[in-house]
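**Q** Sequence plus the predicted model coming up.
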Amino acid sequence: MKPLKFYLITDTHYFKNSIGAYGEAYEEFMEGEQKCFAETQSINEAVFDFLTDANEADILLIAGDLTFWGEKENHDSFTKLLHDFKEKSGKRIFVVTAGHDFDNRSYGYNENGRFELETTPFSALYDYYKDFGYEDAVAFNKEHLSYVAQLSDEVRLLVICNDIDGEKHITYDDEFLGWIAQQAKQAQADGQMMIAMEHYPVLPGQPILGLIKDAWQAESDKLVKTLADNGVHLIFTGHMHNQSINVTKTEKGNLFYDVCTGSVIGWPSFIRLVTIEDENTVDIKSIQTPEFDWEKNGLTSKEYLIAQFEKMIRTLITAMRDNPERFMRKVNIKSSPSKEKLFSFIGKKLNKMTVGQFAHLLLISADKSIKKDSFVELAVNLVRSIFEGNQPYVQGTPEGDLLLKVFKRLSPFFKKFKDSQGNQLDFYETMKHTVGNYGIDDYNATIKLS
């Protein structure tokens, strides 16, 4: 077959800056955000300017959460940006919508505080995005805003959406899974290679993210089997704003890869360039998003986005000490006076603790090269690396060896460790592969589909 190339971005979260993104209430809101807000229009414009001139592919895939919270004015502006990009570049665009794109409480911010914005109903999304996949579809499921697109003479794209009118992040029922299987089988009958795109990860980006219900597709094993056992071995996803490439195998022995990509408006911020070399070989490269026009206090765009990410983590850790009720709200723990006192106590200890002191609490030792390091700094770097992918804390590094000792010490307390879908997990192995990448490169990889 003739090689096919395309670009992919996700979680554009477009917000028109002139609506209002400033003031005291805005600054407080942004203390707990991984992604940017006021800057998103500038970031998106820079990304699309770059892609206009990028000449390695003439196809762009966008894997959902197109607007910040589904604001009508932002859909108006974002689709205009897409139309302008399509006209200037000549590139074809294929999108999937997601939970941030409809039926939300949406807000802007100004000197008077927060104010509500008009949102968008699910029923309006078709008219907004019909020119970006829907109208030219080989097959279309309007209830799910899902479709099949012909990317080339030999490759089809299956776009699946786990939202319907009035409900988000649904479990796919047998009828819709049947529709998916039908499209996959039809592609095989027509001699077509088929790949897929969905907003939600089908495999957890990192093992620890499997504990979070919202972090991946509900009852994902059914979707994996439906796709992989019918010849679809690769899906592109977003949602969790992390970089990862993961693989699993069905009971029938079929491989299935999930390539999750970070949001363009928060760290890690990357564009994927994908080359389908043949029916069995796919090459994936990551391109850092370009510099964007904003007052960044002398920082590069990368440094600016990392600073926002780290502010979110530091705010959370500080809140444990200074505002435990806010901390518990952020991590979905029901508050009570006794819990607030406990978390405040723990927060005070952790915020001034060294790595060596933390290790001593668990009766283990830390390498002398990191003993005097701040525990908070290790925690910030650890969380950031989980989202960045290619996590560096593997066995043989001072931090990796320490963390593995911690996990071994804690393992007896987590014998009934399960993910959010009820699958039994090995605590030690789950944490080991969360803090260290022992598998596929999360940025640049050549994968074999069978």
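**A** Yes, it's here. These figures come from a predicted structure and were not determined experimentally.

**Q** count of residues packed around the nearest residue to residue 299 once chain neighbours are set aside?
**A** If you skip the residues right next to it in sequence, residue 299 has residue 307 as its closest partner in space, 6.6 Å away by CB to CB, 6 or more residues apart in numbering. Placement of C-beta: from N, CA and C, glycine included. The criterion is other CB atoms under 10 Å. On that basis, residue 307 has 13 neighbouring residues.

**Q** so residue 307 is in which element?
**A** Assessed by DSSP states H and E, residue 307 sits inside helix 301-322.

**Q** Contact partners for residue 81?
**A** For residue 81, the contacting residues are 14, 44, 45, 48, taking CB atoms under 8 Å, 6 or more residues apart in numbering as the criterion.

**Q** Now distance to residue 80, secondary structure and neighbour count too, for the residues you listed, in TSV please.
**A** Formatted as TSV, the entries for the contacts of residue 81 read as follows, by distance: CB to CB, whole Å; DSSP: H, G, I helix; E, B strand; the rest coil; neighbours: other CB atoms under 10 Å:
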residue	distance to residue 80	secondary structure	neighbour count
14	10	strand	24
44	12	helix	24
45	11	helix	16
48	11	helix	21
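
**Q** For residue 170, state which of those is nearest.
**A** Out of the contacts of residue 81, the one with the shortest distance to residue 170 is residue 14. That distance is 24.3 Å, counting by CB to CB.

**Q** Residues contacting stretch 148-161, please?
**A** Counting by CB under 8 Å, 6+ apart, the neighbours of stretch 148-161 from elsewhere in the structure are 1-2, 4, 6, 59, 61, 64, 94-98, 133, 136-140, 144-147, 180, 183-184, 187, 191-199, 223, 227, 232, 276.

**Q** what's the answer for stretch 26-46, then?
**A** Counting contacts by CB under 8 Å, 6+ apart, the residues outside stretch 26-46 that touch it are 11-17, 21-22, 68, 77-78, 81, 109-110, 114, 241, 263-267, 269, 289-294, 301, 305, 308-309, 311-312, 315-316, 330, 387.

**Q** Now with 6 Å, please.
**A** Contacts of stretch 26-46 from elsewhere in the structure, counted by CB atoms under 6 Å, 6 or more residues apart in numbering, are 12-17, 21, 109, 241, 263, 265-266, 290, 292-294, 309, 312, 315.

**Q** Narrow the residues you listed to just the buried residues.
**A** 12-17, 21, 109, 241, 263, 265-266, 292, 294, 309, 312, 315 (16 or more other CB atoms under 10 Å).

**Q** still on that earlier bit, who does the helix holding residue 307 touch, helix- and strand-wise?
**A** Contacts of helix 301-322 with other secondary structure elements, assessed using 3 or more CB pairs under 6 Å, 6 or more residues apart in numbering; DSSP states H and E, are made with helix 324-330, helix 337-351, helix 375-388.

**Q** what sits against residue 233?
**A** The neighbourhood of residue 233, defined by CB under 6 Å, 6+ apart, consists of 255, 256, 449.

**Q** So what pairs up with the first one in the strands?
**A** The reference is to residue 255. The bridge-partner assignment for residue 255, based on DSSP bridges, gives residue 249.

**Q** Now the terminal residues of stretch 21-32, how far apart.
**A** By CA to CA, to the nearest Å, the extent of stretch 21-32 from end to end equals 15 Å.

**Q** residues of it that come out buried?
**A** Buried residues in stretch 21-32, counting neighbours by 16+ other CB under 10 Å, are found at 21, 23, 25, 26, 30.

**Q** for stretch 395-407, same thing?
**A** Applying a neighbour-count criterion of 16+ other CB under 10 Å, the buried positions in stretch 395-407 are 397, 398, 399, 400, 401, 402, 403, 404, 405, 406, 407.

**Q** now for the residues you listed, which pair is the farthest apart?
**A** Distance extremes for the buried residues of stretch 395-407: the farthest pair is 398 and 407 at 15.4 Å, using CB to CB.

**Q** hmm, back to that, tell me what angle the helix holding residue 307 forms with helix 375-388.
**A** Relative orientation of helix 301-322 with respect to helix 375-388: 130 degrees, computed using axes from the mean of the first three to the mean of the last three CA atoms, to 10 degrees.

**Q** could you pull out the helices for the stretch 351-450 of the chain?
**A** Chain-ordered helices for the stretch 351-450 of the chain, with DSSP state H, counting those that start in this stretch as the definition, fall at 355-361, 375-388, 398-410, 427-435.

**Q** I appreciate the help and will end here.
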